[in-house]
Each structure stands twice: as C-alpha cells, then as structure tokens.
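# Provided below are the primary sequence and the corresponding predicted coordinates.
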Amino acid sequence: MNAPTLLRGFNFLYFALLAMFIPFLPVYLGEQGLNPAQIGFIIGTGGFVTIIAQPLWGMISDKTRTIRKVLLILLLCSAVTGYFLFDSSSYVRLILFAMLLYFFLMPIDPLAESLNFRISEAAGISYGSIRTYGALGYGVMALLTGYVMSYFGSQGMALLFVAISLTSFVVSWFMPDAPVTGKPVTLDSLKHFLSNKETLLFLVLIFISSVPARMNDTFLGVYIRELGGSPELVGQSFFIAAMSEIIVFALSFWWLRKGKELIIISISGAFYFLRFFISAWILDPHLLAYLQILQILTFPVFYSAAIQYLYSIVPVEWRATGQTVLALLFFGVSGILASYAGGALYEALGGKALYLTISVMSFIGMLFGLILYRIFGSKHANKKNIATH
C-alpha cells in the first residue's frame, strides 16, 4: 500500500479519535454528574496541557528526527489513558485521565499535519486530497459515538476508543517517516513575529472570533442534552457540521481569493453571529442539531481564509512560527478562556445567555475584521496588482 493511501487511512482514524474526545467529552462528563462549571474547568485545564504538550512532543520529534516513532508512542499511550477516562466516574479520576489524554492525543495533530504536507508534496498530490479524509473520519465517528453512548454506555465508548487507537497504531507502523525540519517556536522568534502591527492586530481578530466558536464546540452537546436531546442527536449535529466542512475545504481553490481574506473572515463572522443568535432562541434540540449546517459558512471559511492571510503578511521564514501561533491561539488559548468563562456563564445564567453572549462576540469580530480590511485591504490589493503586471 502506498504512502498517501496509508496516510489517508491514518487521518480518518486519528480524527475519529478526536471526534470521540472533543465533542463527547463534555457530554460524557455531564453524564457522570458534573455541572457546566466543572466541565469547563476540566476542558480549560486541558487547553493548558495542550499548549505545553504540543511544543514538547514537537521538540522530542525534532531531536529524534522522526515523526512516525513519536506517533506510535503517543497512540499507544492514548489508547491506555482513553480507556481509563471513559471507564471512570469519580471527579478526581476524570480530571487525571482527561489531562493525560490531552497530553498524549492532542500533540498528534501538528505531527500528522507535517506528514500530510510532506508526503503529499513528495507524491505530487494536493494536501486537501489527504486532509479531507480527516474531516470524513471526524464526521462518521461523531455520528457513531452518539449511538454507542446511548446503547452501550461508557464501557462501549472505552472499548471503541481503544480499538480505533490500536488500529491507528497498526496503520502508523507501516507508514513512511519524514524528518522534522520545522524550527520550534522560541521566545526570540515570537518577539520578531509579533513586532509587526498588522500581524498583531490580525491575531487579535483571530482571538476575538475563535473564543465564541470554541465555546460552541465545548457546550453544544451539553445544551442539546439539556433541551432533551439524546447522545445520538449530539453525534448527528457534529456529523452535519463535519460533512459540511468537507465541501468547503474541497472547493477552497474556487472561492478563496487573494487580497479578500479579511472580507471573507468578516462574512464568516456574520454567519457565526446568525448561527449563535438563532441557537439562543431554539427550544427544540433537533432544530439546534440541524442548524449546525451553518458550519458550512463559518469555521472552514474562517480558518481557510485566516491561514491564507497569515501566509500573505509574514515572511516565508516565519510561516512555520505563524501557523504554530495561529493553531495555539485558535485551539489552545481561546479554548482555555472559552471553557473557563463559558462554563461559569452557563452554570450561572444557562445556555440561552451563553449563546446570546457569543453571538455578540461574533458580531464584534465581524466589525473588527471590516475595520482591518479598511486599514490594510488596499495595501494587499496593490500588492496583487503589482504581482499581476
């Protein structure tokens, strides 16, 4: 079996594990009797662990000059800790094993993305032709996990997580390796990277826009359950969202225009506002699940445009640093605030107040994106015109 085919299989399986962990951990914790504040504490603390673990395992991969062997270790450790997490009910054990799983499972993502890019480049195929299988795995497993949780309970989830982890381990065993060439983010590199005003303002935009998105990711399943929805419905909602992403990512070459990224980000912010504002007033959990089709106009549009804009404003030698900072900001730092603040807000005022709050935050993000386009948009339009003449 050739390298791209194996890597497609690995992407499917790894993102399937993420689908069991990210959307269903809050639901599982709620099933164990934890309140939204406690759920937010666990997931927020997991964000801190992720920020530490990703650079740490990246440095280990750099030092050992291997990605595949590091992946094998992380997958094996994830299988063990994932089993104990989904087989635990006490608050202390849930915290312990959740933190361990954040430490072992989440660092796989940047390592896998490095393999995706390098192997697709070597094979002369598009990165999207491999990465699309990750979105497919996420959607399929989100749907399946809801049924497993309903019909087999926590023990079924524990066994399924181990089975997927070990299958990923076997696929990784046969995958080719790729040496790590990226430099780890250092304080000095961050200082240079953040010294540019446009870069700094852009990262502020990313932070403002990503906090409400991460709050929704964390508490959507909890809110669906509170409205009377089943675990299967939670799975269906994330399946709908993931399947819509595939379409947008696959067609990004058609709709993503250079020089228009800030406008595109602002448009996605408008749809984020609409999505969250409507969510606040919905009382039927099925309608809330079906509303996730708006993911097609929010996250994949926002994230694709954000990466392209980032690459246009930073020097080539800083792109690796920039993408690392972008990922840590979107999935790490914003996730910490979203979990802690979102959990406290949900516990104090309920799901409706949470969604009204994040809709306002998304509206502010949209306005800020338009302001940045007004300030910097003409400069990038001039660059494009010069390049085409």
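Happy to help now that I have it.
# need the longest helix for the chain.
helix 128-174 (DSSP state H).
# which stretches of the stretch 201-350 of the chain have low pLDDT?
316-321, 323-324 (pLDDT under 70).
# any stretches of the stretch 51-200 of the chain with poor pLDDT?
Checking the stretch 51-200 of the chain against pLDDT under 70 turns up 126-128, 179-190, 193.
# would you mind getting the angle between the helix or strand hosting Phe202 and helix 128-174?
Assigned by DSSP states H and E, Phe202 falls within helix 197-226. Angle of helix 197-226 versus helix 128-174, following axes from the mean of the first three to the mean of the last three CA atoms, to 10 degrees, is 70 degrees.
# what residues sit buried inside helix 197-226?
199, 202-203, 205-206, 208-225 (16 or more other CB atoms under 10 Å). Just so you know, the C-beta spots here come from the backbone N, C-alpha and C atoms, and that holds for glycine as well.
# ok, stretch 228-247 next?
229-246.
# just give me the neighbour total for Gly350.
14 (other CB atoms under 10 Å).
# how much space separates it from Glu226?
Gly350 is 8 Å from Glu226, where distance means CB to CB, to the nearest Å.
# now do the SS call for Asp87.
At Asp87 the chain is in coil, as set by DSSP: H, G, I helix; E, B strand; the rest coil.
# count of residues packed around the nearest residue to it once chain neighbours are set aside?
Distances taken as CB to CB, 6 or more residues apart in numbering place Ala158 nearest to Asp87, at 4.6 Å, with adjacent residues excluded. Around Ala158 there are 18 other residues, counting by other CB under 10 Å.
# surely Ala158 is in contact with Phe86?
Yes - look at Ala158 against Phe86 with CB atoms under 8 Å: they come within range, at 3.9 Å.
# quick one, what contacts Ala242?
Ala242 makes contact with Ala19, Ala135, Leu136, Tyr138, Gly139, Ala142, Gln295 under the criterion CB atoms under 8 Å, 6 or more residues apart in numbering.
# all strands for the protein, in order.
Counting by DSSP state E, the chain has no strands at all.
# the residue nearest to Asp87 and Leu291, how far apart?
Using CB to CB, Ala158 is found at 31 Å from Leu291.
# thinking again about what came up before, same for the longest helix of the chain, what does it pack against?
The contact analysis (3 or more CB pairs under 8 Å, 6 or more residues apart in numbering; DSSP states H and E) places helix 128-174 against helix 3-21, helix 24-31, helix 68-85, helix 108-123, helix 231-250.
# mind listing what's buried along the third one?
Along helix 68-85, these residues count as buried under the neighbour rule (16+ other CB under 10 Å): 68, 70-72, 74-79, 81-83, 85.
# same deal with stretch 275-294?
Under 16+ other CB under 10 Å, the buried positions of stretch 275-294 are 275-277, 279-280, 282, 285-286, 288-289, 291-292, 294.
# taking those residues, tell me the two that lie furthest apart.
Across those, the longest distance by CB to CB is 18.8 Å; it joins Phe277 and His286.
# how close does the residue nearest to the spatial centre of the chain sit to Leu111?
Residue closest to the mean C-alpha point of the chain, counted by CA atoms, centre = their mean, is Phe331 at 5.6 Å. Distance, Phe331 to Leu111, by CB to CB: 14 Å.
# residue contacts, the residue nearest to Asp87?
Gly82, Tyr83, Phe84, Leu85, Phe86, Asp87.
# switch to 7 Å and redo it
Neighbouring residues of Ala158 by CB atoms under 7 Å, 6 or more residues apart in numbering: Tyr83, Phe86, Asp87.
# can you count the residues close to the last one?
Read it as Asp87. Neighbourhood size, Asp87 [other CB under 10 Å]: 15.
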